[in-house]
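A.B. asks: What shape does this take:
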Amino acid sequence: MAEVLGRRGSRWRPYRAVVASRVRSQTSYRGGFALDLLSSLLVGVVQLAEVLVLFHSVDSLGGLDLAAVVLVFGIADLSFSLADLVVGHLDTLPTYLRSGTLDVFYLRPQPLLAQLVTSDISLRRVTRIGVAVVALGVGVAVNDVAWTPLLVAFLALVVLTSALTFAAVFVAAAGVQFFLVDAAEATAAAVYGGRYAATQPASVWAKPLVAVFGFAIPMAFTAYLPVVALLDLPGPGWLPGWAGWLAPLAAVWTWAVALLAWRTGVRHYQGGGG
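C.D. replies: Just a heads-up that it's a prediction; the model follows:
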């Protein structure tokens, strides 16, 4: 058993070394790193402020009051920020493809996706996570929910599976880039547009958005539908309220599509030609 654990540990040692080197390089210039943290913090605060400003004009949105929408925002933004911290740099793949430097990754005896995921880490996104944690904490406190061990476990599971769903969207978008090469804006619209859609009540979406972000890219299952289930509210006309309990299945579906897109894209890639 000790030998097996030792082999598994040695398999991940190169990845840990790369991530550690990226962390050291980002924190070596403390002034610049502090500014990066501050700018990321401001982005998170501004996005939360958008929700608060909106409710100066309305009392409810899509059947949810301010307290419920803050809970939706907290879950969605925390999940996205966690995924963005771990795999958000996959959106730099088009740069590797255009310059032909992706071929360097093929020279190493590790899976391509694992190398790309561990090739960088943006610590400045930590402050975004902090804003989301505060929003989630406030949302939990101000909503009238009789928290039982089951509901607490469900909330924790939703944050985890929603982060996995967002991570899968990043991977799927990267897989599509093998075909598009120079259309990062198109996939960014799905990734970051999906993040914005996830922070809003899905009951106000137009039918095209329901088709895209409700089922094809199941952003409604990352926060809105779980909150509807937690608060025991009626769901939108196109899904019952209990559908929020299916959030883990949405993550499984998204990863199945993401891995298919990634595998298809890698097989399509013929090299940089250098």
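
A.B. asks: ok, the spatially closest residue to F166 that is not a sequence neighbour - contacts?
C.D. replies: Ranked by CB to CB, 6 or more residues apart in numbering and with sequence neighbours excluded, the top spatial neighbour of F166 is A83, at 3.6 Å. For every residue, glycine as well, the C-beta is placed using N, CA and C. Contacts here follow CB atoms under 8 Å, 6 or more residues apart in numbering; on that basis A83 touches 163-167, 169-170.

A.B. asks: what's the answer for A211, then?
C.D. replies: Applying CB under 8 Å, 6+ apart, no residues qualify as near A211.

A.B. asks: And it, what's its pLDDT?
C.D. replies: pLDDT for A211: 90.

A.B. asks: Which of the three states applies to the closest residue to V169 other than its chain neighbours?
C.D. replies: Beyond its immediate neighbours in the sequence, the residue positioned closest to V169 (CB to CB, 6+ apart) is V191, lying 5.5 Å away. Assigned with DSSP: H, G, I helix; E, B strand; the rest coil, V191 falls in the helix class.

A.B. asks: Same check on D59?
C.D. replies: Assigned by three-state DSSP, the conformation of D59 is coil.

A.B. asks: Against which helices or strands is the biggest helix by length in the chain packed?
C.D. replies: Ranked by number of residues, the top helix in the chain under DSSP state H is helix 149-180. Applying 3 or more CB pairs under 8 Å, 6 or more residues apart in numbering; DSSP states H and E, one finds that helix 149-180 makes contact with helix 66-87, helix 93-99, helix 184-198, helix 224-230, helix 247-268.

A.B. asks: if you compare those, which one is most tucked away?
C.D. replies: Neighbour counts (mean count of other CB atoms under 10 Å) averaged over each of those peak at helix 224-230, with a mean of 27.

A.B. asks: Average pLDDT for that one, rounded please.
C.D. replies: The model assigns helix 224-230 a mean pLDDT of 95.

A.B. asks: Same question for stretch 80-88.
C.D. replies: Rounded to a whole number, the mean pLDDT of stretch 80-88 is 91.

A.B. asks: Tell me, how many residues neighbour Q200?
C.D. replies: 25 (other CB atoms under 10 Å).

A.B. asks: What pLDDT is listed against it?
C.D. replies: Taken from the predicted model, the pLDDT recorded for Q200 is 90.

A.B. asks: And the one 3 residues further on, by the same measure?
C.D. replies: Among the per-residue scores, S203 holds a pLDDT of 90.

A.B. asks: sec struct for it, please.
C.D. replies: Three-state call for S203 (three-state DSSP): helix.

A.B. asks: How about it: what's its closest non-neighbour residue?
C.D. replies: Skipping the residues right next to it in sequence, S203 comes nearest to G62 by CB to CB, 6+ apart, at 3.6 Å.
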